[in-house]
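K.L.:
missing the sequence, but the structure's below:
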């Protein structure tokens, strides 16, 4: 087994804060398929588009018996503002804790941009089956058409 979970492994059950001050973790969705999409930052162009795309398809995910959860390191308060500003329907969670879910998955990692090195989120989506196992992973996601591709994969699962 690799250092980080991959297809066939159990999705890590690490709690994250929700915008309303509650918490959420993978086991809360036991018996349902789950799509967890990780994105770098609220209110940035690609992340906003991705959240709007998933929100626009939420009814279709619901009809297919699939729960959605968007995750970034932004605070619960920032998520509240992001949801309100863009009327987002897909639930969000804050993975702001040290050694959080994105750390366990290996997608909170060192990145480089214009010669600057910093820690950042790799845009990644996980499709988790009803038994809590990782069924599919999309790494370094390109936003255009992504939510639709995930919906098709989730329906086929």
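P.N.:
Cool, the structure landed. A quick note: this is a predicted structure, and the numbers were derived from the prediction, not measured.
K.L.:
tell me how far residue 132 lies from residue 31.
P.N.:
Separation of residue 132 from residue 31 (CB to CB, to the nearest Å): 9 Å. In short, each C-beta sits where N, CA and C put it, glycine included.
K.L.:
and if you look at residue 118?
P.N.:
From residue 118 over to residue 31 (counting by CB to CB), the distance is 39 Å.
K.L.:
what strands flank the lowest-mean-pLDDT helix or strand in the chain, and is each parallel or antiparallel?
P.N.:
Of all helical and strand segments in the chain, the minimum by mean pLDDT, DSSP states H and E falls on strand 108-113, at a mean of 91. In the sheet, strand 108-113 lines up against strand 116-121 (antiparallel) (DSSP bridges).
K.L.:
what's the average pLDDT for the partner strand?
P.N.:
Regarding strand 116-121, the rounded mean pLDDT is 94.
K.L.:
list the buried ones in it?
P.N.:
120-121 (16 or more other CB atoms under 10 Å).
K.L.:
direction included, what does the helix or strand just after it pair against?
P.N.:
Sequence-wise, the next helix or strand downstream of strand 116-121 (DSSP states H and E) is strand 124-128. Partners of strand 124-128 in the sheet, by DSSP bridges, are strand 33-38 (antiparallel), strand 134-138 (antiparallel).
K.L.:
contact partners of strand 124-128?
P.N.:
By CB atoms under 8 Å, 6 or more residues apart in numbering, the residues outside strand 124-128 that reach it are 11, 26, 29, 33-38, 105, 107, 134-141, 146, 150, 153-154, 157.
K.L.:
any of those buried? List them.
P.N.:
11, 26, 29, 33-38, 105, 107, 134-136, 138, 141, 146, 150, 153-154.
K.L.:
tell me the pLDDT at residue 94?
P.N.:
Looking at residue 94, its pLDDT reads 98.
K.L.:
same deal with residue 84?
P.N.:
So, for residue 84, pLDDT stands at 98.
K.L.:
what about it, which helix or strand?
P.N.:
Using DSSP H and E, residue 84 falls in helix 76-86.
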